[in-house]
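>>> sequence and predicted structure are below.
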Amino acid sequence: MKKNYQIGLVVLPALILVLAFCVLHSAFAQAPAKAALHLVFVMDGLRPDGITASETPILFRLGNEGVIFENSHSVFPTVTRVNSASLSTGMQPAHHGIMGNQIYIPAVDPVNAFSNDNFLPLLKLGELSDGRIVLTPSIAELTTEIGHRYVAVSSGSTGSALLMAPRAPRGSGVVINGNFYGGATVGWPETVSSEVLKRFGPQPKTGGARDNFDTAVDWSMTVLREYVLPELKPSVAYVWVTEPDHIQHAFGAGAPESLASIRNNDRNLGLVLEALDKLGLRERTNIMIVSDHGFSQTVYGVNVRQELLDGGFKAEDVVIASSGQSVALHVKGRDPVRIRALVEFLQKRTWAGVVFTAKGAGAAHEGALAGTFALEFAHLGGNERSPDIVFTFPWSSARNRHGVQGTDYIMLVNGATGSLDTTAANHGSMSPWTVKNTMLAWGPDFKRGARVRTPSANVDVTPTILHLLGHPKANALDGRVLREALVNGPDEEQVAIETRTLRVMSGAYKAVLQVTETAGKRYLDKSWRE
């Protein structure tokens, strides 16, 4: 009896500890959010170094009062529609199916890739695939499942707007954008579109490539403040702010024109905070501010189509889908002989960077062909929409004329391959200057004055919001819940991470990929050709 009693003394406290841990973990995992409203602002192309105390006092204050994510990532390819889809679904491209700013889907166009900045090809894709514009549920559907209202407000392209609520035309969620059907419709459902047009009129016309789109930002933010927040009363709103992306494409990061648009964003954010005060919501609102990608200066252009033709490849055998600083190739019939020939061609070109192909039989990061990384490892492979090859271009950490770091090559549609002397800038690559994006969080459910150094990414935003709403699927997405940023979450300096540098080679060709992992999730830091 004494022996059994001693065993009980050991086992009983252990059981109590296990049960206590389970109860505490469950309580944290399912604790209701303190906030009644969750606002996510996506400031297109805003680099973290674009936020300063002098230029953006409100953004600067919110970050320093709340959480600054110092190691945040854009999803690769680092372009708008990929990240719009990842933001709205919490999934990687390999699962949501938006592989770039251009995508090739034979059912939509059997010959060419199409640009998804326009919502019309995306609607056609939905019509041909039972509404599956993206291949996984978005936050619009997921919030509806648990009785919450979701609204997306966008001053960006109609394509990126639709990807924030892909099934809104079919009745799931609300999306507002001033340019659907040329402004004849400004969103779904139709009742919302009619009310917005009646109250606010059409979105002001925007200018050309070298004009800012600040008036579009102002219009959409007014709709948010004066209609969406007080009358639609969403639990979750994702707000896409199209600047400074548009103006930085023309003038580059750090240019006076770009800084002016960033200041306008900051001013609009201040007006939103004032509106929340009037509604009695400021202290009950969580705010996340992210950008879809960074930016880097264009220094060299590559006419990929002409280069392939000059290399002996036939136009009808390869479909090119450009994401600016990275390129996807779809090979006719997924012919392995042609794929190998293309890879070997790229590896011999000084203008090509890192190459990705379908996974092989070797290590998880290795592609099927020598000197390539696996598309699956980069969250791009194994999908019916996956390309056969993705490649990047060379980049550097040199500074532009405004002192901002980061240069890259870009795919040209016209013109000869060669150096460029331009003010233009772009994104899409796997350089740290385009991968590293803005991510801030502020509100009653987030820590105060915290700097999170663990890796995070746009794909983590929706899981975190769903977790705060108590959605059971928050932990079932590709992204993770950013627990270390939450009140009562783990100490942000006590979260284990591992950074690895991986190499592949084929003859004289050598390439490097750096990744950081935490909580079973993999983040792509940067890649380059040695």
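That came through fine.

>>> tell me, what residue is most central in this structure?
By CA atoms, centre = their mean, the chain has its centre lying nearest to Asn83, at 2.4 Å.

>>> quick one: pLDDT of that residue?
With respect to pLDDT, Asn83 scores 99.

>>> all strands for the stretch 201-350 of the chain, in order.
For the stretch 201-350 of the chain, applying DSSP state E, counting those that start in this stretch gives strands covering 236-241, 285-290, 296-302, 318-322, 326-331.

>>> of all these, which one is nearest Pro57?
strand 285-290 (13.8 Å; CB to CB). Quick note: C-beta positions are derived from backbone N, CA and C, even for glycine.

>>> other residues contacting that closest one?
With contact meaning CB atoms under 8 Å, 6 or more residues apart in numbering, strand 285-290 is reached by 33, 35-43, 59, 62-63, 66, 72, 87, 269, 276, 437-446, 458, 461, 464-465, 468.

>>> only whichever of the residues you listed are buried, select them in PyMOL.
Selecting the buried subset of those in PyMOL, with 16 or more other CB atoms under 10 Å as the burial test, is done by:
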select buried, resi 33+35+37+38+39+40+41+42+43+59+62+63+66+72+87+269+276+437+438+439+440+441+442+443+445+446+458+461+464+465+468
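
>>> in strands only, show me the contacts of strand 285-290.
Cross-referencing the contacts of strand 285-290 against strands under DSSP state E gives Leu37, His38, Leu39, Val40, Phe41, Val42, Met43, Ser72, Met439, Leu440, Ala441, Trp442.

>>> just give me the closest of those to Gly207.
Nearest to Gly207 out of the ones in strands among the contacts of strand 285-290 is Met43 (CB to CB; 19.9 Å).

>>> what's around the residue nearest to the closest one when sequence neighbours are not counted, how many residues?
What sits nearest to Met43 in space, not counting adjacent residues and going by CB to CB, 6 or more residues apart in numbering, is Val241, at 4.7 Å. Other residues within reach of Val241, judged by other CB atoms under 10 Å, total 29.

>>> OK, contacts around Val241?
So Val241 contacts Phe41, Val42, Met43, Asp44, Ser155, Gly156, Val217, Ser220, Met221, Asn265, Asn268 (CB under 8 Å, 6+ apart).

>>> per-residue pLDDT of Leu273, please?
Confidence score, pLDDT, at Leu273: 99.

>>> my error: substitute Thr417 in the last question.
99.

>>> does it touch Trp351 like I think?
Yes - with contact defined as CB atoms under 8 Å, Thr417 reaches Trp351; the gap is 6.6 Å.

>>> need the residues touching each of the two.
Taking CB under 8 Å, 6+ apart as the criterion, Thr417 and Trp351 both touch Val302, Glu307.

>>> am I right that Phe200 is in contact with Thr222?
Yes - Phe200 is in contact with Thr222 according to CB under 8 Å; the separation is 6.4 Å.

>>> average pLDDT for stretch 403-410?
What stretch 403-410 shows for mean pLDDT is 99.

>>> same thing with stretch 135-154?
pLDDT averaged over stretch 135-154 gives 98.

>>> how long is that stretch end to end?
In stretch 135-154, first residue to last residue: 22 Å (CA to CA, to the nearest Å).

>>> buried ones in it, by neighbour count?
Buried, per 16+ other CB under 10 Å, within stretch 135-154: 135-144, 148, 150-154.

>>> in helices, which of these fall?
Ile139, Ala140, Glu141, Leu142, Thr143, Thr144 (DSSP state H).

>>> bridged to Phe114, which residues?
Beta-bridge partners recorded for Phe114 (DSSP bridges): Ile103.

>>> tell me how far it lies from Asn177.
19 Å (CB to CB, to the nearest Å).

>>> that older thread, what is the nearest of the ones in helices among the buried residues of stretch 135-154 to Arg500?
Among those, Ile139 lies closest to Arg500 (CB to CB), at 31.0 Å.

>>> contacting residues for that closest one?
Ser88, Thr89, Gly90, Tyr150, Gly173, Val236, Tyr238, Thr462, Ile465, Leu466.

>>> rerun that using 6 Å as the cut-off
Applying CB atoms under 6 Å, 6 or more residues apart in numbering to Ile139 gives the contacts Ser88, Tyr150, Thr462.

>>> from Arg338, how far off is it?
Taken as CB to CB, the span from Ile139 to Arg338 is 39 Å.

>>> neighbour count winner among Phe114 and Asn177?
Regarding Phe114 and Asn177, a neighbour count based on other CB under 10 Å identifies Asn177 as having more, with 31 against 19.

>>> right, and that one touches Val153 too?
No - proximity of Asn177 to Val153 does not meet the contact threshold set by CB atoms under 6 Å, at 7.8 Å.

>>> which stretches of the stretch 151-300 of the chain form helices?
All helices of the stretch 151-300 of the chain, identified by DSSP state H, counting those that start in this stretch, fall at 158-163, 190-200, 214-223, 245-251, 256-278.

>>> and among these, the most buried is which?
helix 158-163 (a mean of 28; mean count of other CB atoms under 10 Å).

>>> contact partners of that one?
Contacts for helix 158-163 (CB under 6 Å, 6+ apart): 80-81, 84-85, 116-119, 122, 154, 175, 177, 179-180.

>>> list only buried entries from the residues you listed.
80-81, 84-85, 116-117, 119, 122, 154, 175, 177, 179-180.

>>> and the strands of the stretch 201-350 of the chain, which is most packed in?
strand 236-241 (a mean of 27).

>>> any chance of the buried ones among the contacts of helix 158-163 in CSV with distance to Ala361 as columns?
Listed next are the buried ones among the contacts of helix 158-163 as CSV, based on distance: CB to CB, whole Å:
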residue, distance to Ala361
Thr80, 35
Arg81, 33
Ser84, 35
Ala85, 31
Asn116, 34
Asp117, 38
Phe119, 41
Leu122, 36
Ser154, 44
Val175, 44
Asn177, 46
Asn179, 48
Phe180, 47
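
>>> pick out the most distant pair among those.
Among those, Ala85 and Asn179 lie farthest apart (CB to CB), at 18.9 Å.

>>> distance of Arg522 from Arg480?
11 Å.

>>> out of those two, which sits in the more crowded spot?
Arg480 (22 against 19).

>>> quick one: contacts of stretch 169-185?
Residues contacting stretch 169-185 (CB under 6 Å, 6+ apart): 131, 140-141, 150-154, 158, 161, 165, 168, 186-188, 192-193, 202-203.

>>> span of stretch 160-179 from start to end?
12 Å.

>>> run the chain-centre distance for it.
17 Å (CA atoms, centre = their mean, to the nearest Å).

>>> give the rounded mean pLDDT of that stretch.
Rounded mean pLDDT across stretch 160-179 is 98.

>>> again, but for stretch 105-120
98.

>>> repeat that for stretch 511-521.
99.

>>> and stretch 57-74, by the same measure?
The model assigns stretch 57-74 a mean pLDDT of 99.

>>> ok, stretch 339-350 next?
For stretch 339-350, mean pLDDT rounds to 99.

>>> just the buried residues of it, please?
Ile339, Ala341, Leu342, Val343, Glu344, Leu346, Gln347.

>>> what would these look like in TSV with distance to Pro256?
Converted to TSV, the buried residues of stretch 339-350 look like this (distance: CB to CB, whole Å):
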residue	distance to Pro256
Ile339	46
Ala341	47
Leu342	42
Val343	43
Glu344	45
Leu346	38
Gln347	41
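
>>> closest one of those to Leu259?
Of those, the one sitting nearest to Leu259 (CB to CB) turns out to be Leu346, at 37.4 Å.

>>> got the contact list for the closest one?
For Leu346, the contacting residues are Ala352, Val355, Phe391, by CB under 6 Å, 6+ apart.

>>> in strands, which of these appear?
Using DSSP E, those in strands are Val355, Phe391.
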